[in-house]
Structure formats: C-alpha cells, structure tokens
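Chemist: quick one: sequence plus predicted model below, questions after.
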Amino acid sequence: MLDLNGGEGNPTNQKKDTNNNKEREIEGEREVAFPSALSASSNSMMNRSSCRPQIDLTGAAIQGNFEERDPSILLPNQSDDISHLALDIGGSLIKLVYFSRHEDHPIDDKRKRSIKNKLGLSNGNSRSYPSLGGQLHFVKFETGKLNDCLDFISTKQLHMGGTDPPSWSSRRSTNENVIIKATGGGAYKFADVLKEKLGVSIDKEDEMDCLVAGANFLLKAIRHEAFTHMEGQKEFVQIDHNDLFPYLLVNIGSGVSMIKVDGDGKFERVSGTNVGGGTYWGLGRLLTKCKSFDELLELSQRGDNSNVDMLVGDIYGGVDYSKIGLSALTIASSFGKTISENKELSDYRPEDISLSLLRMISYNIGQISYLNALRYGLKRIFFGGFFIRGHAYTMDTISFAVHFWSKGQAQAMFLRHEGFLGALGAFMSYEKHGLDDLMVHQLVERFPMGDPCVDGKIDGPPLVDLNEKISWMEKFVQKGIEIIAPVPMAPPPGTTGVGGFERPYSRGGTLRSDASAALNIGVLHLVPTLDVFPLLADPKTYEPNTIDLADRSELEYWFTVLSEHLPDLVDKAVASEGGTDDAQRRGAAFARAFSAHLRRLMEEPAAYGKLGLANLLELREECLREFQFVDAYFSIKQRENEASLAVLPDLLMELDSMAEDARLLALIEGVLAANIFDWGSRACVDLYHKGTIIEIYRMSRKKMHRPWQVDDFDAFNKRMLGSGDKTPQPHKRALLFVDNSGADVVLGMLPLARELLRRGTEVVLVGNSSPALNDVTAMELPEIVAEAAKHCDTLRKAAEAGGLLMDAMVNIQDSSVDNVASVPLMVVVENGCGSPCIDFRQVSSELAAAAKDADLIILEGMGRALHTNFNARFKCDTLKLAMVKNQRLAEKLIKGNIYDCVCRFEPSD
Ligand SMILES: Nc1ncnc2c1ncn2[C@@H]1O[C@H](COP(=O)(O)OP(=O)(O)O)[C@@H](O)[C@H]1O
Ligand SMILES: CC(C)(COP(=O)(O)O)[C@@H](O)C(=O)NCCC(=O)O
Ligand SMILES: [Mn+2]
C-alpha cells in the first residue's frame, strides 16, 4: 500500500522516461493503443485540445531562425507546415490568413478502424474527411509596411506551400508557378512587388466576393462569432444557419461598403460611403498630430465632445427641444461649436476632437446602414472592417444609431474576426481544400499565450519556438506590463433615446495594443475528426456549461479558486518534468501566461467568446501544454493506480459475496466514494495529507449514506434489476465516461463496468485524449484494464474481445479464451478532449461512432457531470455520478454541502 505523503517530489521521473520511450517505440513499430501525449505535442493527433496552438504577434522584426526545417526530420514542435496563404491588401492594412497543417496519423486511423470493426461500425459512418486538419492564423500589417509583411511571409515560407491539395504538406523547392490568392486593391497595386520579392504570382479575387464568402463562413462555422454591443454590454448571438439570409454586410475599412447578402455567392453591393475608417484616421491624424491609429482611439477615451460638438442645448439655451424629442444633450451638429468661437485648432483638446470625430463617423455609418436596411427590408446588419477594432464606444455608437433610427426594428451585430473577412474569403477561394465544408463542431479556437501586448505596440511574428514563448513571457513580466483589456465603457447614464448619442461616458484606461485586437481572435484549429455527439437530445439548445461566468460573482469566485490553485499546480508540473531549471522556467512562464489570461478575462469575460467555467479549466490545460508540460500529474496518477490495483482483488471478492441489489448499491457507492480523488479541488488536496489513498477511500465509503443529496438510485436500480418478477432487458451498450486515475477508475468505474459486462452489456470506456489534472487518459486505460483483468475473468474476456489486452501488450498467462463470442466486449475510445470537462458538441469521431448503438451513458465526476452537462439531456438512459468537492458549488447546485453526492438518473423517454 502506498502512502500519499511519502515520496513527494519527483520520485518516478525515471520511470516516466522509460515509459515515454516505450511509447515512442510502440508508435514506430505497431499500431498504438492511443495517440500518446507525446504525439499530441508533436501535433500528430487531432483532437480539440491537443493541437499545439500558436500565437499571433502581428507586424514584426522576424530575424529569427526559429523556423528552420529539414524535410527529412520530423521536428517535435513543428507545428506549422504551412500550406496555404491568402492576402487582403487594403488601403490601410494588409490582412493575412494562413494555414498550418497537422500531420496525418495513418497508424492511428488504422487503430480507429479496428475499433469500429469491433463495434460493428465498419460500414456505418463512412464519411470521408477532406485531408485537412490544422490551424488558421490571422495576422495583419500596415499597408505602408509592406516590406515587413513580405519579410514575414518569406521567413515563415508561407508562400512555398503550393496550391494543390495533394501537396499541402510538401514544401516546394522553388516558388515557380506558386500562385497566391489575394484580394483588395493591393492585389493589383502590388502584384509586381510580390512577384519580384517573393517570386509568386497573384491570383486576384474580387473584393466583394471575398467579403461575402468570409462573412458567410464565419457566421456559419464559428459559434460565437457575432455579437451585439449596446451600452457597453456585449452579447453573443446564436445564428441559425437556416435563417441567415438576407442580411446587410457593412464593411468599414478605409472606405465603407454596404452589401445586401442573399446567400452564398449571392449578393449585391447596394451602397457605401467614403466617410469611413480612413477618414477617421486621416482627419484625426491631421487634427491631433497622433502617430498611430491606436493613439488616436485612445485619446478619444479621455475626450469630452461637448467642447467641440454643438448640442441641442447650445442652440436652445440649455433646454430640450422636447417637441421633436431631442434632449439638450443631443448632438445637433458635429464640430458645430468650432465655428462659433474665435478659436484656433490648438485651442481644442485633441482628446475632444478625436472623440467628436469618432462619434460623427460611427454614427453616420450606422445611420446610412439603417437606411439601406430599410430600403431592402433587412433586419440584420453585420459590421466588419478594422475601423471597429473591437472598440466599445465605436460599436455602441453604431448600435445606437441603428437602434434609434429603426425604432428597434433592425439590429446591429459585430464580428469577432471583423477585419479578416476579405482575407478569409480569399483563402476560401482556393478550390477543393474542403474548408467550406467544415462545420462548427470541427473548429476549435485557442488562446494559448495570453495577450502579447508589450510596450503598447507589438511587432512580432507568431511565436513558434518554446524558448521564444518563454522569453516573451519573461519580457512581459520584466516590463511590469499588465495585459490590457479592451476599454470597457460604462453604460452611458441618461441617454434620452432621441436624436443621437449623448456624451460618451467612457473613461477607459489604456487601449489594448493593436496586436491584441488580433488576439481577440485566436488561432482557429480545424479538426475534421470532431463530431457532434449523436445522443444529444437537442444539439441546438445544448449548453455544456452549468456555470455561466457572465455572472460577475461567479467569475470572481472561480478566478480566485484557480489563482489559489496555481502555485500547487506549478509545483506538480515542474516536478513532473524532473524539477530541472528548464522545467522551472517553463513553470514560471506557464503561471504568468495563465494568470495573464485570467486577468484579461476578469476585465472582459467575453473577450474570447462566451465564457463558462469549462473554458477556464480547459484554458489552464492548454497553457500547460503550451509550455510543454506533457502530463503534470503523471507520477501521482501512477502511484494511485498502483495502490488501487493492489486492493482491487479484495474489493471484487467483497462485491461477489453480495446479493445482486446490495451489490449494485455498493457499486454506485463505490463510484461516488472514489470520486474523492480529485487533484483539482483544493479541499481534496488538503485531505490527501491526512492519510493514505486506501484510508481515504475507506473513510469516504463509510460516509456514503443514502439518501444522497441528489438520489435517483431507486429508479436506476429498477431499470437495472426490475421490480417484482419483471427482469428488464439489459442495456446493449454503455458508454462510461471515466474521470480520475487511481481509486476513481480502478475501484469505482471498473467494478461497475464489470457488473454491466456480466449482465451482457457492451462497455465502452471513454477516456480523455490528452491529460488534464489527474484524469485518466484513453491511452492509459488499456494498461489499467489489463492489470485489473489479471484478477477477473469477466474483465479479461471482455478486454480480450475488445482488443484491449493486445493494446496494453500484456501477456496473459492463461490464454485459453473460452466462450469469447458470448462475452460482451469492452473497448476504449478517446473523447477528443484534454480537459476535466466535456463539451458534447465537439467529441472525437470514434466516440460519436461508438455512441450510435449505445443505450446507456454514465457520466462521472464533477467536471463532466456537474460543471458541464448537469442540465444536458440525452436520447438514452443517462446516469450522472459525482461527489461535489467544492462547498460553493454544493450549495448552489444541489443545496447541500461539500462531499455530498449526486446520483442522477434520467431515463430515455
Ligand atoms: N493599426 C492600424 N493602422 C491603421 N488603421 C487602423 C489600424 N487599426 C485599425 N485601423 C482602422 O482600420 C481601417 C482599415 O480597415 P480595413 O478593414 O483593414 O480596411 P482596408 O482594407 O481598407 O485597409 C483604417 O482606416 C483605420 O480606421
Ligand atoms: C477540476 C474539477 C472539475 C475536477 O473534478 P472531477 O471531474 O475530477 O470530479 C474539480 O477539481 C474542480 O472543480 N476544482 C476546483 C474547485 C475547488 O478547488 O474547490
Ligand atoms: Mn477529474
């Protein structure tokens, strides 16, 4: 029996290395059980959490040699084998969208096929995916700095990828015949420069075509792309794909285009205005002497437009013009005050000028947009273009104008990828890359590195190299620079709702740097192997998160919980990598990156899309992976597995001595009791110092008195064992979503799986694709099952039938497999996640395939059954089992206390 207190530090590192080597060998030689965490970090696995994301630092002095490649060597961190690049070269900015591809994983595909065969799915799910899995990056440069942009492209060799799908990953040796899709005026203006400097030809795509294609793609494929922004409040809008058209697209770049969109490729440019982003920046520059667009925008935040604008009250002697409903504070004439006074430009504050100008232009665009919407009977107006720049006041002003003039009939919406519509559209115009077939569940957005806004100005390439990332974090901290949130604007009090926006009350701090505007969007991961879980009762209304962090008090609470847990997590992570100097440096960088994200999200919870607790927990895992912590709890997991496996035979004997119904209760009690082993909970971590694993497990079991706080055991018992003489049909196939390593899986879930097998139910163990806290991964399951199978015939036969023992490479002494055909099989599938929670809108395709014939789902643990999916409904019988290891959650969710249990059974209708 192992003592939890004994042997802290990093006792098992050596063991771990050996193990990793073994994994590597296995990968090279034979079909692997599961893609290893190592392969995850080398980008070969496509799941929603293991992809190595990158950061976009726009602009940049890229003198780096960080992207050197030798085609014959697979670099472990080589995450951007660039295949496609598209450009939108506008009057003010150059926008780049480029794609880096994940490696194919043919061995893994073979393994998946074998699972499908075993589950009888070989003919089903015959969907063939385009050979596309990778990441879409978004970068922008000022058009005046075209050379920086060209340097960036050539350093990263973005132009070398070729244009034919078969050669996605194969780099060409020359640029000859390379064609790059480009749109915007610069595609014409700079075609020769591009040919001369990069040796590539430009395939010019029509700008309007591209804007529409980009907007349609984003609105269909990205879940939280569109949002409204009224009085400082951002709200995401769920777009119904079948009810998207018609809409008005207003792109506010240097100038403004207004396009009526009726479908894919069906549109008409109905209007526009020459008073646009270029006007604000150009006039603003002349009038204020600002050196950058951002400086100008920042000035506006400290402005008071009433010093420049003529208000109704100025004309009416301080009173409202109430007859037509105009308040005294309504702007009667932008800049109107400057005519009546004998003042020079230098007598006006640049802040006031900037604000007045911004308001004038935004309001004007809003108003013209409304008129065009009215003209064509359109209710929805989507605004794009970099003029908007995620700026609260700009969006509020536009929204106000649309709302006011349409009397609430039309709605202004904004897009998170605001300025990249054209570039995305140009990217989509490459034929046959399959991008237009991608669906919302195949796209995962990642914000791995926090906001790279150092010095208020970033000129840097996307960071690719680990060292580079760490030094960036160090630099970031040295300078004492906080991640700066976008300017939140206090709701303007007392808007009269007439005639126009009154004075803005925005008194925000420093504006986020321009680069961070691009970081309001992350790198988009295209993961063709993700699917919607087919057993969701209503995928359209499904919301994974139980806790909505839009609630400020929730956000603050969970922010504190995660911040307080951070030092312990860093200790574990550093120890898991041998406690070396390098690991410590990475650990510190991880802590900084994650804290920076947390701070940023505290300032603007919706900065990265709709925020729930599951997103924060996943972000933490992503940040760990970003700094190459492969598995922070590796040694703890090993130790707990060993200790639990040692007492498993006794437990099985005890269970076998019981009558059927007592046994079922004991099994459920066992799952709940063993769910106490959760290294993500502060309370539990404190508890572990008080005893050995087995002592804690026993203590926990002793306290398992029914009724539990949520107790549907009787209903579950009835479904399983029946009542009276009626013996119900056993379930055909059960999906067991396992949670933690050690006692949780070994003493909790495996005995329950065994009971199901005995009753003739096929068991699919569903494990994480990548590590998260102490959760057991799919890759680790075959070995655990094989160990357990040594003590149990039922498990052994089922595991053999499911091919699990082969995967675990365990030589079972007694190889006589009698009666195999009559034994239901047990298999392992990965869930597609690397998080303690699960979002059923995006699971691995193998889980989706295995789910097709399942009629029982068992969700275990806080992350999967409470933080997410507590309110989710499925098409089949569902059992949600968890011990609540957090006092506040217990009070809120189940009106109970910490260590109370949930046994919720929801039969299929
Ligand atoms: N860093 C920046 N430099 C210049 N203009 C910027 C910047 N950030 C935002 N803008 C605004 O974005 C506008 C350009 O928007 P964009 O959609 O890129 O249009 P275009 O394709 O005409 O360049 C500028 O006119 C300006 O108002
Ligand atoms: C991350 C977790 C959801 C994992 O729980 P599990 O799914 O293993 O039951 C949980 O540890 C958690 O919510 N932790 C934070 C709460 C706390 O420290 O009290
Ligand atoms: Mn867990």
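Modeler: Thanks, I have the structure now. Ligands and ions are numbered 1, 2, ... in the order given.
Chemist: drop to CA atoms for contacts and neighbour counts, all remaining ones
Modeler: Will do.
Chemist: how about stretch 717-731: buried residues?
Modeler: Buried residues in stretch 717-731, counting neighbours by 16 or more other C-alpha atoms under 10 Å, are found at 719-721, 730-731.
Chemist: ligand 1: which of these is nearest?
Modeler: His731 (56.3 Å; C-alpha to the nearest ligand atom).
Chemist: residue contacts, that closest one?
Modeler: Contact analysis of His731 by C-alpha atoms under 8 Å, 6 or more residues apart in numbering lists 760-761, 855-856.
Chemist: now for the strand or helix carrying Leu757, which elements pack on it?
Modeler: Secondary structure from DSSP states H and E places Leu757 in helix 750-758. Contacts defined by 3 or more C-alpha pairs under 8 Å, 6 or more residues apart in numbering; DSSP states H and E place helix 750-758 against helix 660-674, strand 762-767, helix 793-801.
Chemist: the shortest one and ligand 2 in contact?
Modeler: Right, the one you point to is strand 762-767. No - using C-alpha under 6 Å from any ligand atom, strand 762-767 stays clear of ligand 2, coming no nearer than 12.2 Å.
Chemist: how about residues contacting that strand?
Modeler: Residues outside strand 762-767 that contact it (C-alpha under 8 Å, 6+ apart) are 732-739, 753, 756-757, 776-779, 781, 824-831, 847, 850.
Chemist: after it comes which helix or strand?
Modeler: With DSSP H and E, the next secondary element past strand 762-767 is helix 781-789.
Chemist: buried residues in that following helix?
Modeler: Neighbour-count burial for helix 781-789 flags 781-789 (criterion: 16+ other C-alpha under 10 Å).
Chemist: what's the angle from that helix to helix 793-801?
Modeler: With axes from the mean of the first three to the mean of the last three C-alpha atoms, to 10 degrees applied, the angle from helix 781-789 to helix 793-801 works out at 150 degrees.
Chemist: which ones among the contacts of His731 lie within strands?
Modeler: Mapping the contacts of His731 onto strands (DSSP state E) picks out Leu856.
Chemist: filter the contacts of His731 to the buried ones?
Modeler: 760-761, 855-856.
Chemist: which one of the residues you listed is nearest Ser576?
Modeler: Of all the buried ones among the contacts of His731, Ser576 sits closest to Leu856, with 36.4 Å by C-alpha to C-alpha.
Chemist: test my guess that Gly384 contacts Ile252.
Modeler: Yes - Gly384 lies in contact with Ile252 (C-alpha atoms under 8 Å); the separation is 5.9 Å.
Chemist: the helices in the stretch 151-300 of the chain, which residues?
Modeler: 186-189, 191-198, 207-221, 277-288, 293-300 (DSSP state H, counting those that start in this stretch).
Chemist: quick one: what helix or strand has the residue of the chain most remote from its centre in it?
Modeler: Residue farthest from the centre of the chain, counting by C-alpha atoms, centre = their mean, is Asn342 at 55.8 Å. Taking DSSP H and E as the definition, Asn342 sits outside all helices and strands.
Chemist: distance of it from Tyr348?
Modeler: Distance from Asn342 to Tyr348, counting by C-alpha to C-alpha, to the nearest Å: 11 Å.
Chemist: for Lys892, same thing?
Modeler: Distance, Lys892 to Tyr348, by C-alpha to C-alpha: 54 Å.
Chemist: what residues does the stretch 251-400 of the chain have near ligand 1?
Modeler: 252-254, 277-278, 280-281, 293, 385-387, 389.
Chemist: how about residues contacting stretch 304-311?
Modeler: Contacts for stretch 304-311 (C-alpha under 8 Å, 6+ apart): 328-338, 348, 351-353, 355-356, 503-504.
Chemist: where does pLDDT dip in this protein?
Modeler: Residue ranges of the chain with pLDDT under 70: 1-83, 101-116, 120-133, 161-176, 431-437, 447-521, 807-822.
Chemist: and the longest helix along it, which residues are buried?
Modeler: Counting by DSSP state H, the longest helix found in the chain is helix 350-376. Residues of helix 350-376 classed as buried: 350-373 (neighbour count, 16+ other C-alpha under 10 Å).
Chemist: what residues does Leu652 make contact with?
Modeler: So Leu652 contacts Pro751 (C-alpha under 8 Å, 6+ apart).
Chemist: and it, which helix or strand is it part of?
Modeler: In the assignment (DSSP H and E), Leu652 maps to helix 634-656.
Chemist: check whether that helix contacts ligand 3.
Modeler: No - between helix 634-656 and ligand 3, judged by C-alpha under 5 Å from the ion, nothing touches; the nearest distance is 11.2 Å.
Chemist: taking helix 781-789 as reference, get the angle to that helix.
Modeler: Going by the same axes, to 10 degrees, helix 634-656 makes 40 degrees with helix 781-789.
Chemist: buried residues, helix 634-656. List them.
Modeler: Residues of helix 634-656 classed as buried: 634-646, 648-649, 655 (neighbour count, 16+ other C-alpha under 10 Å).
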